[in-house]
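In: Please find the sequence and the predicted model below.
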Amino acid sequence: MRVVGLDVGVRRIGMAISDATATLARPLAVLRPAGLEADAPQTVATKIAGLRAEDDDIATLVVGLPTRLDGSENEMTPRVRAFAAAIAQLTGLPVVFQDERLTSREAESRLALTRKGWRARKTLIDAAAAAIILQDYLDAVASARPVAAMRESDS
């Protein structure tokens, strides 16, 4: 079962994908649709259709949900929710939201360790942020599994 992660922005959408065991996330691509409300859902749905043609085992989409540092919604939050609803309808896949606070900064910091030039990092930041969002989700799911398994065995 693979999981796809998305870091949705106004100009770019970063994509990441998990390994087959849904344990590790890796950056996949940066898409540059004409606009978030214009063709972004169709652009992402087309990319996901291509991934599904290669490996039909994509089970879930994880979309980074932008919020303020205090967790309250910002001006981008409703736009991302609308995008997620459209992408769910186009792909037929369930969508899960994951907190994306500070993921772009973390991605920039990680890339700065291996890529010295700003221009080289700039083209990769969105996909790297999507991988961080996806990895946070995968880690949360993995840490919840043992608790659920323990609860079932206690019954």
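Out: Nice, thanks for sending it over.

In: When you work out contacts or count neighbours from here on, use the C-alpha atoms and nothing else.
Out: Will do.

In: which helix of this structure spans the most residues?
Out: Scanning the chain for the helix with the most residues, using DSSP state H, yields helix 125-154.

In: What's the end-to-end length of stretch 49-60?
Out: According to CA to CA, to the nearest Å, stretch 49-60 extends 13 Å from its N-terminal end residue to its C-terminal end residue.

In: Give me the contacts around stretch 87-100.
Out: The set of residues that contact stretch 87-100 without belonging to it, under CA atoms under 8 Å, 6 or more residues apart in numbering, is 7, 41-42, 44-45, 48-49, 59-67, 84-85, 133-134, 136-137.

In: what mean pLDDT does that stretch have?
Out: Per-residue pLDDT over stretch 87-100 has a mean of 91.

In: Centre of the chain to that stretch, how far?
Out: On the basis of CA atoms, centre = their mean, to the nearest Å, stretch 87-100 sits 9 Å off its chain's mean C-alpha point.

In: ok so, going back, if any of the contacts of stretch 87-100 are buried, put those into a PyMOL selection.
Out: Paste this into PyMOL to select the buried members of those, with burial taken from 16 or more other CA atoms under 10 Å:
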select buried, resi 7+41+42+44+45+48+49+60+61+62+63+64+65+66+67+84+133+134+136+137
